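Visitor: Here you go, sequence then predicted model.
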Amino acid sequence: MSVPPDDERGPEPSDQQAERDAHEAAWEAIVANYGDRPAWEQPGSGTSTARPARDAPTTPPAPSLPPDEPDEPRSLPAPDQRSGGSVREPVEREEHFVPPPPPPVPRTTPPRLAAWIGLFGVPLFALASLLVGVSLPQWLSVVLMVWFVGGFVFLVASMRPGHHDDHDDDGAVL
């Protein structure tokens, strides 16, 4: 399917032409103002800090953030030496949250450690011996199986009753 040239399609409707003109004007405004600094209104005053692009200094301007931005300390960049301004020190916040040190990791008892090793170590050892192709003696296989089952039983038996959730409240009551 071929598209006829512009002169054979006929004149475009005026709505489309007006819309294209509006888009073209918007793009021309964007291109004409490219590089201008956006205007930020200063709190408490009706003035804005926008400068025309021709008056902008050669160094990039410092970003201006609204006052409700993060509570982190900020420091302003050094001013241009030609302007004769002074260097400001970073603003420090005196009060900030310091979390308490974490509690020490609890030590386990030797029987509990042996049970955990039996639960996870024995299957890993058996899998490794299978992958390597080492045939284990029958007495060692029985010892490993008893260690695995005994470790599981010990861990289940030593669980505290009712430990799952101390704040179980039967849900919402209407």
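Guide: All right, it came through fine.
Visitor: so who does L155 touch?
Guide: By Cβ atoms under 8 Å, 6 or more residues apart in numbering, the contact set of L155 is R112, A115, W116, L119. C-beta: built from backbone N, CA, C; applies to glycine.
Visitor: Among these, which one is most surrounded by other residues?
Guide: A115 (23 neighbours; other Cβ atoms under 10 Å).
Visitor: Closest one of the contacts of L155 to V134?
Guide: L119 (21.9 Å; Cβ to Cβ).
Visitor: now that closest one: how far from L140?
Guide: Going from L119 to L140 by Cβ to Cβ, to the nearest Å gives 18 Å.
Visitor: list the buried ones in stretch 97-107?
Guide: Using 16 or more other Cβ atoms under 10 Å as the burial criterion, none of the residues of stretch 97-107 qualify.
Visitor: Need the pLDDT of I30.
Guide: Looking at I30, its pLDDT stands at 87.
Visitor: wait, what's in contact with the residue nearest to S158 when sequence neighbours are not counted?
Guide: Nearest residue to S158 in three dimensions, chain neighbours excluded: R112, at 7.0 Å (Cβ to Cβ, 6 or more residues apart in numbering). The contact partners of R112, by Cβ under 8 Å, 6+ apart, come to F154, L155, S158.
Visitor: R112: what secondary structure?
Guide: Taken by DSSP: H, G, I helix; E, B strand; the rest coil, the conformation at R112 corresponds to helix.
Visitor: repeat for the one 10 residues further on
Guide: Look at V122: counting by three-state DSSP, its state is helix.
Visitor: Please report the distance of A157 from A32.
Guide: Relative to A32, and taking Cβ to Cβ, A157 is found at 81 Å.
Visitor: for L140, same thing?
Guide: 85 Å.
Visitor: which one of these two has more residues nearby?
Guide: Neighbour comparison, L140 and A32: the larger count goes to L140, with 12 against 9 (by other Cβ under 10 Å).
Visitor: still on that earlier bit, with distance to P103 as extra columns, can I get the contacts of L155 in a markdown table?
Guide: Listed next are those as a markdown table, based on distance: Cβ to Cβ, whole Å:
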| residue | distance to P103 |
| --- | --- |
| R112 | 19 |
| A115 | 24 |
| W116 | 21 |
| L119 | 25 |
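Visitor: tally of neighbours for G133?
Guide: 6.
Visitor: meant to ask about L136
Guide: 14.
Visitor: My understanding was that it contacts S129; is that so?
Guide: Yes. Here L136 reaches S129: they are 5.7 Å apart, a contact under Cβ atoms under 8 Å.
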